[in-house]
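1. Got a predicted structure plus its sequence, pasted below:
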Amino acid sequence: MNIEFPEISKRLLAAGGAALIALAALSACSAGGDTDSGSDDTAADETTVEAAAEEQEETATGDGTSPEAPLPAGSAVEIGDWTITVADVALDATDAVMAENEFNTPPADGNTFATFTIDGTYNGTETGSLWLDATVGIWADGVMSETCSNIVANDIIDVADVTAGGTASGATCAEYAADAASTLVYVEDIWSLDGTVYYIEIG
């Protein structure tokens with residue numbers, strides 16, 4: 001026997017079923033959306049932290065008072081009456097040094113020559129000699145190698161003395177172990193009682 005539902009009853013049943021389906025679908029979407037949003041937020045937070053760490057590492061610099069905290073390459077330092085920068089560092093310059101003068105002597109076995117230019121501004125009130133007032137050399141694996149006695153192009157020995165506010169620039173060389181794993185430039189005030197030394201990265 002077939003039972004006939006009034007038309008209004010059919011419509012109510014259909015509407016109720018559709019509403020239940022829609023409610024279930026909405027709940028599923030909401031749950032999925034919350035999960036995705038949380039994942040995206042976590043990834044964004046991790047990216048922000050990593051970027052901040054990288055930026056801090058890139059901008060971190062030392063004060064130059066130890067080899068473990070060198071100043072950036074090209075930094076100016078105050079030594080005695082001079083403001084000094086070191087430029088044009090060539091760590092493998094043996095051939096250039098030997099070609100400069102026939103009386104230059106080669107480095108010892110296992111060593112090599114480095115060359116570099118010293119630029120200075122004299123801040124004193126009398127007369128300053130750049131090559132006498134500061135010692136500049138190469139720090140290599142804990143060993144400080146002062147300027148060598150060989151003649152180089154634009155040799156600092158030939159640079160004239162300057163008066164207050166004057167500038168001077170000259171090149172020199174240093175001998176160090178060729179297999180050194182870590183090298184820096186160092187600038188020392190040879191006249192100071194506290195033995196002031198600054199260490200500078202090589203660019």
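-> That came through, no problem. Numbering: from 1, shown residues only.
2. how near is Gly170 to Leu130?
-> 6 Å (CB to CB, to the nearest Å). Quick note: C-beta positions are derived from backbone N, CA and C, even for glycine.
3. Between the two, tell me which one has more neighbours.
-> Neighbour totals were compared for Gly170 and Leu130, and Leu130 leads with 25 against 19 (other CB atoms under 10 Å).
4. confidence score at that one?
-> Here the pLDDT value assigned to Leu130 is 93.
5. ok, now Ala22?
-> On the pLDDT scale, Ala22 gets 41.
6. circling back to that earlier point, shared neighbours of Gly170 and Leu130, anything?
-> Shared contacts of Gly170 and Leu130, defined by CB atoms under 8 Å, 6 or more residues apart in numbering, comprise 118, 156, 159.
7. Out of those, who's the most crowded?
-> The most neighbours of any of these, using other CB under 10 Å, belong to Ile118, which has 25 neighbours.
8. Who is it paired with across the strands?
-> Beta-bridge pairing of Ile118 under DSSP bridges involves Val86, Gly170.
9. same deal with the one 10 residues further on?
-> Beta-bridge partners of Gly128, counted by DSSP bridges, are Val162.
10. ok, it - contacts?
-> 81-82, 120, 122, 161-163, 166, 168.
11. Which entries within the residues you listed meet the buried criterion?
-> Among the contacts of Gly128, those classed as buried by neighbour count (16 or more other CB atoms under 10 Å) are 81-82, 120, 122, 162, 166, 168.
12. ok, so of those, who is nearest Thr65?
-> For the buried ones among the contacts of Gly128, the closest approach to Thr65 (CB to CB) belongs to Trp82, at 17.7 Å.
13. separation between the closest residue to the closest one other than its chain neighbours and Cys173?
-> Nearest residue to Trp82, sequence neighbours excluded (CB to CB, 6 or more residues apart in numbering): Gly120, at 4.7 Å. From Gly120 across to Cys173, the span is 17 Å (CB to CB).
14. so where do the strands sit in this structure?
-> For the chain, the strands defined by DSSP state E cover 77-79, 82-90, 111-122, 127-128, 135-140, 143-145, 162-163, 167-177, 183-188, 197-200.
15. got the angle between the third one and strand 135-140?
-> For strand 111-122 against strand 135-140, the angle between stretch directions is 140 degrees (axes from the mean of the first three to the mean of the last three CA atoms, to 10 degrees).
16. Mind giving me the packing neighbours of strand 111-122?
-> strand 82-90, helix 94-100, helix 130-133, strand 135-140, strand 167-177 (3 or more CB pairs under 8 Å, 6 or more residues apart in numbering; DSSP states H and E).
17. Just name the most buried of the ones you listed.
-> Sort the helices and strands packed on strand 111-122 by mean neighbour count, taking mean count of other CB atoms under 10 Å, and strand 135-140 sits at the top with a mean of 23.
18. Give me the contact list for that one.
-> By CB under 8 Å, 6+ apart, strand 135-140 touches 67, 84, 86, 91, 114, 116, 118, 144-147, 172, 174, 176-177, 180, 182-190, 199.
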